[in-house]
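Q: got a sequence here, can you model it:
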Amino acid sequence: MGSDGVLMLDLLLRGGTVCDGTGTPARTADVAIADGRIVTVGRVPETARRVIDVAGLVVAPGFVDVHTHYDAQVTWDGLCTPSCWHGVTTVVLGNCGFALAPCRERDRDRLLRMLEHVEGMPLESLRAGVRWSWETVPEYVAMLRAAPLGPNVGVLAGHSALRVFVMGEAAYDRAATDDEIARMQAIVREAMAGGALGFATSCSAGHVGEGGRPVPSRLATRVELRALAGAMASGGGRGVLEITPATFPIAEDELAFLQELAVETGRPVSFSAILDLPDRDGIWEPVWTRLRAGLARSARVVPQVSCRPMRFEFDLVTGCASLDALPAWKRFREARDHAALLAEPGFRAAVKDQALGRPDTPSSKRWATVVVEEVRHPAHLRFIGGTLADVAAERGGDVIDALFDLALADDLAARFSMLLLNYDDDRVAELLRRPEGLIALSDAGAHVSVLCDAGYATHLLGYWVRERGLLPLEQAIHRLTAMPADVYGIAGRGRLVPGAAADVTCFDPARIGSRAPERVADFPAGAQRWIVRADGIAHVLVGGVPFVEDGDLTGSRTGRVV
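A: Sure, this is the predicted structure:
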């Protein structure tokens, strides 16, 4: 307050085009901020301690990224790069149940190796970068509350970590007993009381840990899942259940189970993901129909959709999901002499049979389009930027021969990239148009050696809104802000309305976009990762304090645990 009792504004964003997150039409307005909160959106005649002219910019709530894996990275990088460069002001950790809490000291390396194998994080960085100071989820949340955070951070209690904490090695081998389930329920209730946003798990067959073993959450029965979802919801009307289903596309029976959980708990369930599958026309239509029917009876199940094509860079040792899914590839994972195995005709034949099938199948076509990204052998440098089909056409053999031969010539260090899903624009557009879908799935912080989709929000606004005209700007902003905040129960964020936290992103609608990925070596222990930078982000506020100004980070750390 000023000396006359009138509230003194800390900051005034003057004359921008305000998209307030509610989906209502954009309007030219000022945004007045005091004590970290929105005071007024409209015509503001009074002055403030600081005025920023944002004419020509879109003024929106900060973007809310609910599907990240920054659980480890946030302990050494409170900025959560590169998400923070893209107007993201809130990130949610612990998705798919892969978390670092709860965790006993003896299990620390076990959880780090799980992140390495399932979420593609370099183990040397995890071991060098994570500074352990917690055991329970509330202690992990307390660590974050004391840390200098750039964006706000929300935490999901992770099922795989929870099972290891209660069951030890048995978590990887069997269902839980009634007593173990009861102990896990108590820990989930403790986590929610200690600041967790919800509970996350995975049943996906694609989530395979060290040694090819299923991650612990995959051993859980539906009895266990129902009990833990109930424990999450027992603390008084909050919490979200985030899950990666067992089947892809999600099966009718599994979706019905998730809808039952949503009704029983009264809490939303978000599953990942709905993605375009090559040559599978209409595969998702029955799912959308069942989702809408469920919403009509208060079964709030919200799928996550991605606005980006899923291109993975890989080498054979680091791994590739399309290879890991092949039964024949288990021999490679277990082998000590990888080179000898790749040269073995019988092994090659088995991989070819399972990877290629008929020449006209989607999987066979996909292997033909794999791009050679990096080789060191002088005779193969000319193949960089070409496809495995190009290599096979010149050298003979098929695309698997090309893959293995290039890898062998480089002591398995050759790198490739593959488009897996979500690359047919017209079909992806149909998924994005569905208002029931939560635009998310950045996976930021994960798979850092093979991809970076942290720029999903700027990509949506630049490519899908400006260039393709797929969604009105106001609807796109709503689905990046208020919708994820509401589903995940992040109170007071996602809207520019009086009383809300002043998390704000101002961007140039003519320039907003996500650049091409680039590889940098800035992780602990010198490990490399892929990052992606943003265009058009002018100003970002977190809690009313400038976090980005004129496109550059200010050094402020005002993020909070939400």
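
Q: only C-alpha atoms from now on, for both contacts and neighbour counts.
A: Will do.

Q: strands of the stretch 451-562 of the chain, residue ranges please.
A: Assigned by DSSP state E, counting those that start in this stretch, the stretch 451-562 of the chain shows strands spanning 504-507, 513-514, 518-520, 529-531, 534-535, 537-542, 545-549, 552-553.

Q: could I get those as TSV with mean neighbour count and distance to Ala339?
A: TSV is the format used below for the strands of the stretch 451-562 of the chain (neighbours: other Cα atoms under 10 Å; distance: least, Cα to Cα, whole Å):
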stretch	mean neighbour count	distance to Ala339
strand 504-507	28	50
strand 513-514	25	38
strand 518-520	13	27
strand 529-531	22	26
strand 534-535	21	40
strand 537-542	27	47
strand 545-549	22	48
strand 552-553	14	46
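
Q: for Arg333, see how far away Arg466 is.
A: Arg466 sits 44 Å away from Arg333, going by Cα to Cα, to the nearest Å.

Q: no, scratch that, I was asking about Ala227
A: In terms of Cα to Cα, Ala227 sits 35 Å off from Arg333.

Q: and Arg533, how many neighbours does it have?
A: Using other Cα atoms under 10 Å, Arg533 has 19 neighbouring residues.

Q: hmm, it is touching Trp85, no?
A: Yes. Arg533 is within contact range of Trp85, at 6.7 Å (criterion: Cα atoms under 8 Å).

Q: strands along the stretch 201-350 of the chain, start to end?
A: So, for the stretch 201-350 of the chain - with DSSP E, counting those that start in this stretch - the strands run 240-244, 269-274, 301-305, 310-314.

Q: for those, give me JSON lines that also has distance to Gln475.
A: Shown next, in JSON lines, are those (distance: least, Cα to Cα, whole Å):
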{"stretch": "strand 240-244", "distance to Gln475": "23"}
{"stretch": "strand 269-274", "distance to Gln475": "19"}
{"stretch": "strand 301-305", "distance to Gln475": "15"}
{"stretch": "strand 310-314", "distance to Gln475": "24"}
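
Q: wait, which of the ones you listed is closest to Val562?
A: Ranking the strands of the stretch 201-350 of the chain by proximity to Val562 (Cα to Cα) places strand 240-244 first, at 13.3 Å.

Q: just the angle between that closest one and strand 269-274, please?
A: Relative orientation of strand 240-244 versus strand 269-274 (axes from the mean of the first three to the mean of the last three Cα atoms, to 10 degrees): 30 degrees.

Q: can you dump the C-alpha atoms of strand 240-244 in PDB for me?
A: Below are the C-alpha coordinates for strand 240-244, written out as PDB (Å, rounded to 0.1, in the frame of the first residue of the first chain):
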ATOM      1  CA  VAL A 240      -4.700 -36.500 -10.100                       C
ATOM      2  CA  LEU A 241      -3.900 -40.100 -11.300                       C
ATOM      3  CA  GLU A 242      -1.500 -40.100 -14.200                       C
ATOM      4  CA  ILE A 243      -1.000 -43.400 -16.000                       C
ATOM      5  CA  THR A 244       0.600 -44.900 -19.000                       C
END
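
Q: of all the strands of the stretch 451-562 of the chain, which lies closest to Leu156?
A: Of the strands of the stretch 451-562 of the chain, the one closest to Leu156 (Cα to Cα) turns out to be strand 537-542, at 21.2 Å.

Q: contacts for the closest one, please.
A: For strand 537-542, the surrounding residues in contact (Cα atoms under 8 Å, 6 or more residues apart in numbering) are 62, 85-87, 89, 150-152, 502-508, 512, 546-551, 558-559.

Q: looking at the strands of the stretch 451-562 of the chain, which is nearest to Tyr70?
A: Nearest to Tyr70, of those and by Cα to Cα, is strand 529-531 at 13.6 Å.

Q: low-scoring pLDDT stretches of this protein, where are they?
A: Applying pLDDT under 70 to the chain picks out residues 1-7, 358-364.

Q: ok, longest helix in it?
A: helix 178-193 (DSSP state H).
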